[in-house]
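Undergrad: coordinates for the following, if possible.
(2 chains)
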Amino acid sequence: MNAPAATQNLIKGATGDWEIVIGMEIHAQVSSQSKLFSGASTAFGGAPNDHVSLVDAAFPGMLPVINAECVAQAVRTGLGLKAQINLKSVFDRKNYFYPDLPQGYQISQFKHPIVGEGEVIVDLLDGRRIVVGIERLHLEQDAGKSVHDLSPGESYVDLNRSGVALMEIVSRPDLRSSEEAKAYVTKLRTILRYLGTCDGDMDKGNLRADVNVSVRRPGEPLGTRCEIKNVNSIRFIGQAIEYEARRQIGILEDGGAIDQETRLYDAGKNETRSMRSKEEAHDYRYFPDPDLLPLTFDQAFVDGLAAELPELPDAKKERFITQYGLSAYDADVLVAERDTADFFEEVARGRDGKAAANWVINELFGRLNKEGHTVSTSPVSAAQLGGIIDLIGEKVISGKIAKDLFEIVWSEGGDPRVLVEERGLKQVTDTGAIEAAVDAIIAGNPDKVEQVKLKPTLLGWFVGQVMKSTGGKANPQAVNDVLKAKLGIE
Amino acid sequence: MTDLTRITVAQARDGLKARTFSATELTQAHLDAIEAAKSLNAYVLVTPEKALEGAKAADARLAAGEAGPLEGIPIGVKDLFATEGVRTTACSRILENFVPSYESTVTANLWRDGAVHLGKLNNDEFAMGSANETSCFGPSVNPWRRTGSEVPLTSGGSSGGSSAAVAAGLCLGATATDTGGSIRQPAAFTGTVGIKPTYGRCSRWGTVAFASSLDQAGVITRTVRDSAILLRSIAGFDPKDSTSADRPVPDYEAAIGRSVKGLKIGIPKEYRVEGLSPEIDALWQRGADWLRDAGAEVVEVSLPHTSYALAVYYIVAPAEASSNLARYDGVRYGVRVPGKDIAELYENTRAAGFGREVKRRILIGTYVLSAGYYDAYYVKAQKIRTLIRQDFENVYASGVDAILTPATPTPAFGIGEKANASPVEMYLNDVFTVTVNMAGLPGLAVPAGLGAEGLPLGLQLIGRPFDEETLFALGEAIEQAAGRLDAPRWWS
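TA: Below you'll find the model as predicted:
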């Protein structure tokens, strides 16, 4: 628990070093067709209150019925987090009044969550690896949305989200910097997307974080924490932590004390503000929901889901390193999204893995990022990119021509092999043609011919000239060989 | 011609089938009786057009030979059951304008079987009460009076409208709900039969919730056979209620007349409570004798945690109620009393919409669930609830088939008579019935004769889970011995 802090994580205050301690509660919307306890659609968008059943609006006599798919999704997620799956869990009512909470209580899991302890392995950019403990994952209902800006004297309520299933994933306070926190959320989101249990779309609010931040002197017990509610982008998570840590250090160094409270992050002003203090905290009066029996399933159900689980990022990364000989960094980049990894594997199938990774990461990703595309909307398909790599391997085209060819495929499409034929991009390996070109350059530059005998590095100039005169199509190795022979240098 | 409002469901079924009378005639007779008995305040809403329309359709189906099991039987519905297009208030001001767009599963089952909907029956507000006095429509009145007295008596609660209507011939049978005795106590007070089936036997979907782990729908009728007939219709698995039982519904009527010979009947010694009237005690003894005469074996049994039941009930039920009633906030439906902000809107709406007893129970429930009190009250109550359930399990494990107790500690009392008493005195009405809800068991209240004041007295039979059939067989034996009770119709 009190492992020595990695020195790179310490931040300097006026009176010495401080360590930040961060724990997170991630609310991830379960990917499902219908809500946690009703048949209403979970589709995003739609007119206000379009996706609301009598259950969601808490009409008299309405009862919740658990959505089996949401249960399966929570179990899959638990398996993905290498966590304890609880064969029996209990839904509780969390009671409080708010207009976007029609029942007057949220159905959640308090004492007996569906998933217990697990872990997430996070590889950081600086090469360190941290293991973040997962305390629990539970299922709960999302609330609706209050709309305050439509009328000066009234608020409106949209219940489309009311009752949508959320997974609350609670980490241990194992994170020590904003970078670690961001990397953790990024990794968790990757795992959820691989599993298909949450789309991780933070813009739509489908993944939100409550961030618990405290500071302490290295080696000392945990300080008083503040909870920053509902942060909805990875960048903001980082900024909120930085601000909050600085704020707390400032208070402590001035001799003050931290009040345990709930705070909001204002991205516009880049600051956190107090929302409510511990004294104002709700008494939620949790008790088991008598409308629902305890949620039970057997180990066979869990095993069935485990058997169908896709390969997860950690395993895929290890495999990419061993199977394709990739660097850890390249493997990390490729496995970050399942689509990307799949694309890479399609390109790499039957080809040199390193070459495939280079092309995917350097050429394709660079271009995709520049144009705001993703692999799923890439104008160059895996088959086309593979075709280009094949042509290089077969020495049909040079690396340089390959880049030109990539441009043509990107903007015009087509089969790379056919394009090479049609446009005469084929590498010239015909020694006769190369010899003719070399002869012409030698004949036209007697002075350089004299100089190269004294200074062999000038050979590069001759190669460039030949390549230029052949429109880049000459095989560079062949040109080199012919030149050396004709100029008589070793 | 027979008075069609004095016959039983079984007789009506036969008469309709034989075309002795039509469903329309039967329904009209009841509508007329309702009109003449307004002073009983049993109905809070009569739906004559809907009723006659239903009767006409029933007559058509009867003529076509397509009659359902309850074809043409006029039924009253406790106002706790949501009825599509028909105002449903739970007898609370907060829902005084609420017209559901949906039909409760229990009532939908009745209409599926051909029953005719006469209207909505009075009850205590949100079913919280034992004298129908907390209804926003005022109390229903018991058709029974003390001999030589005109003092209006309570028809019990919370299903006081149901019991009054059945006893007064304002319907052939009525739906009711029971959370701590709300079917059995009103039945006992009015000389009618009330069945609270096993928890999970009837769907709670579409029924306004009071305490979800205790609430169960049932019926009040004039005979045990009629209860068996109606229960078969309303019972059954409902995928919309996660606590409903997925098991077949037996033909309960087949249990009527089944021999009770050899059945072992338990008499729980702990139910001989202090203050039990000698009259009720004698009645209990008489009931045991009748069953013995019919061939049953009567044994004394022990339910040692009985004395805690009432206290535990008044923790568990308000706790659940405080949460169940949070939805009545004036935001989406029902009464809204505006305020300067949302908190004030809540306060104004709930202050104006809920009556005193409902507010009291919300406060009690909120208190016992609060941080710092939860373990001392709610958790402890749940533990004792488990012990109470185990008491019954132990008795049944020893070979007892059913348990016989009084239904209530006293006969019906005067309306308003307990108005100035402490709420606890009113709560004591439930002393024999709450244990059954705590354990989720079936309970049947059967009239067992008139007391010294000329008022009906009732016995209660408690069964094994899902063994309503044994209760009907035993109830029929008591009914045969005690004879049926018919209230003198002083109001018309």
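
Undergrad: burial of residue A:472, as a residue count?
TA: Residue A:472 has 16 neighbours, counted by other CB atoms under 10 Å in any protein chain shown. Just so you know, the C-beta spots here come from the backbone N, C-alpha and C atoms, and that holds for glycine as well.

Undergrad: residues contacting it?
TA: A:398, A:400, A:401, A:404 (CB atoms under 8 Å, 6 or more residues apart in numbering or on different chains).

Undergrad: which stretches of chain B form strands?
TA: Secondary structure of chain B by DSSP state E: the strands cover B:43-46, B:74-78, B:116-121, B:173-178, B:193-196, B:216-221, B:264-268, B:297-301, B:402-406, B:443-450, B:456-463.

Undergrad: so which of those comes closest to residue A:174?
TA: Proximity to residue A:174 (CB to CB) singles out strand B:216-221 among the strands of chain B, at 48.5 Å.

Undergrad: domain map for chain A?
TA: Chain A breaks down into these domains under automatic domain parsing: A:7-305, A:311-422, A:431-487.

Undergrad: residue in the stretch 351-492 of chain B with the shortest distance to chain A?
TA: Nearest residue of the stretch 351-492 of chain B to chain A, counting by CB to the nearest CB: residue B:369, 3.8 Å away.

Undergrad: in this structure that residue contacts residue B:322, no?
TA: Yes. Counting by CB atoms under 8 Å, residue B:322 is a contact partner of residue B:369 at 6.7 Å.

Undergrad: list residues touching both of those two?
TA: Common neighbours of residue B:369 and residue B:322 (CB under 8 Å, 6+ apart) are A:95, A:285.

Undergrad: give me the contact list for stretch B:361-378.
TA: Looking at what lies outside stretch B:361-378 - CB under 8 Å, 6+ apart - the contacts are A:95, A:283, A:285-287, B:128, B:314-323, B:325, B:354, B:381.

Undergrad: quick one: average pLDDT of it?
TA: Averaged over stretch B:361-378, pLDDT sits at 96.

Undergrad: buried stuff in that stretch?
TA: For stretch B:361-378, the neighbour count (16 or more other CB atoms under 10 Å in any protein chain shown) marks B:361, B:362, B:364, B:365, B:366, B:367, B:368, B:369, B:373, B:374, B:377, B:378 as buried.

Undergrad: of all those, which two lie farthest apart?
TA: Most distant of the buried residues of stretch B:361-378, by CB to CB, are B:361 and B:374, 17.1 Å apart.

Undergrad: now residue B:301, nearest residue through space, not along the chain?
TA: Nearest residue to residue B:301, sequence neighbours excluded (CB to CB, 6 or more residues apart in numbering or on different chains): residue B:266, at 3.6 Å.

Undergrad: circling back to that earlier point, lowest average pLDDT across the domains of chain A?
TA: domain A:431-487 (a mean of 85).

Undergrad: how many other residues sit next to the residue nearest to residue A:216 when sequence neighbours are not counted?
TA: Nearest residue to residue A:216, sequence neighbours excluded (CB to CB, 6+ apart): residue A:223, at 4.5 Å. Per other CB under 10 Å, the neighbour tally for residue A:223 reads 20.

Undergrad: check contacts around residue A:223.
TA: A:21, A:214, A:215, A:216, A:248, A:252, A:258.

Undergrad: how many other residues sit next to the second one?
TA: Spelled out, that is residue A:214. 20.

Undergrad: then the first one?
TA: For residue A:21, the number of neighbouring residues by other CB under 10 Å comes to 18.

Undergrad: surely residue B:479 is in contact with residue B:226?
TA: No. The criterion here is CB under 8 Å, and residue B:479 misses it with residue B:226 at 10.6 Å.

Undergrad: who touches both of these two?
TA: residue B:193.

Undergrad: these two: which has the busier surroundings?
TA: Counted by other CB under 10 Å, residue B:479 and residue B:226 do not tie: residue B:226 has more neighbours, with 27 against 21.

Undergrad: which ones are touching that one?
TA: If you count contacts by CB under 8 Å, 6+ apart, residue B:226 has them with B:8, B:9, B:10, B:172, B:173, B:193, B:219.

Undergrad: run the last query once more with 10 Å
TA: B:8-13, B:73, B:166, B:172-173, B:192-193, B:195, B:219-220, B:253, B:256 (CB atoms under 10 Å, 6 or more residues apart in numbering or on different chains).

Undergrad: start and end of stretch B:331-351, how far apart?
TA: End-to-end distance for stretch B:331-351, by CA to CA, to the nearest Å: 14 Å.

Undergrad: what's the average pLDDT for it?
TA: For stretch B:331-351, the per-residue pLDDT averages 96.

Undergrad: how close does the one residue in the stretch 1-150 of chain B that gets nearest to chain A get to residue B:436?
TA: Residue of the stretch 1-150 of chain B nearest chain A, by CB to the nearest CB: residue B:82 (5.0 Å). The gap separating residue B:82 from residue B:436 is 25 Å, by CB to CB, to the nearest Å.

Undergrad: one more: residue A:320?
TA: 65 Å.
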